[in-house]
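> Everything below, folded, please.
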Amino acid sequence: MSLPQTVLAFLTNRAQKEGKDQPPLQEDLFDAGILDSFSVVELVSLVEQDCRIAVPDGDVPENFRSIAKIESYIASKSA
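Residues are numbered from 1 along each chain as shown. The predicted structure follows:
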């Protein structure tokens with residue numbers, strides 16, 4: 001399973017705004033400054049739209065801390 005291209009592009013764009021390359025799979029996106037409370041809302045909306053899944057508030061932010069966690073979360077919801 002890999003991230004939808006739009007989700008990966010969103011994360012890459014956010015990283016570039018912080019002067020970084022695409023983050024490693026396990027890197028904490030919040031600690032790295034790539035995601036914050038506002039951008040995670042955008043990311044969740046994108047995931048819901050592109051993956052056609054509902055993301056309850058209780059699943060955020062823990063399941064959106066790294067690319068690996070996002071991939072795993074999407075896979076578990078899509079199964």
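> Need the contact partners of the helix or strand hosting V41.
In this structure, V41 sits in helix 37-51 according to DSSP states H and E. Helix 37-51 has contacts (Cβ atoms under 8 Å, 6 or more residues apart in numbering) with 4, 6-7, 10-11, 14, 30, 35, 53-55, 60-61, 64, 70, 74, 77-78. C-beta coordinates here come from the backbone N, C-alpha and C atoms, glycine included.
> could you redo the last one with a cut-off of 7 Å?
For helix 37-51, contacts defined as Cβ atoms under 7 Å, 6 or more residues apart in numbering pick out 4, 6-7, 10, 14, 35, 53-55, 60-61, 64, 74, 78.
> which residues touch T6?
T6 is in contact with 46, 50, counting by Cβ under 7 Å, 6+ apart.
> What's the separation between it and P23?
For T6, the distance to P23 (Cβ to Cβ, to the nearest Å) stands at 17 Å.
> can you check V41 too?
Plainly put, V41 is 19 Å away from P23 if you go by Cβ to Cβ.
> ok, those two, which is more surrounded?
P23 (19 against 12; other Cβ atoms under 10 Å).
> Please identify the helix or strand for the more buried one.
Assigned by DSSP H and E, P23 falls outside every helix and strand.
> Can you give me the pLDDT of it?
Looking at P23, its pLDDT is 86.
> Quick check: it vs D31, distance?
Distance of P23 to D31, given as Cβ to Cβ: 10 Å.
> Perfect, that will be all.
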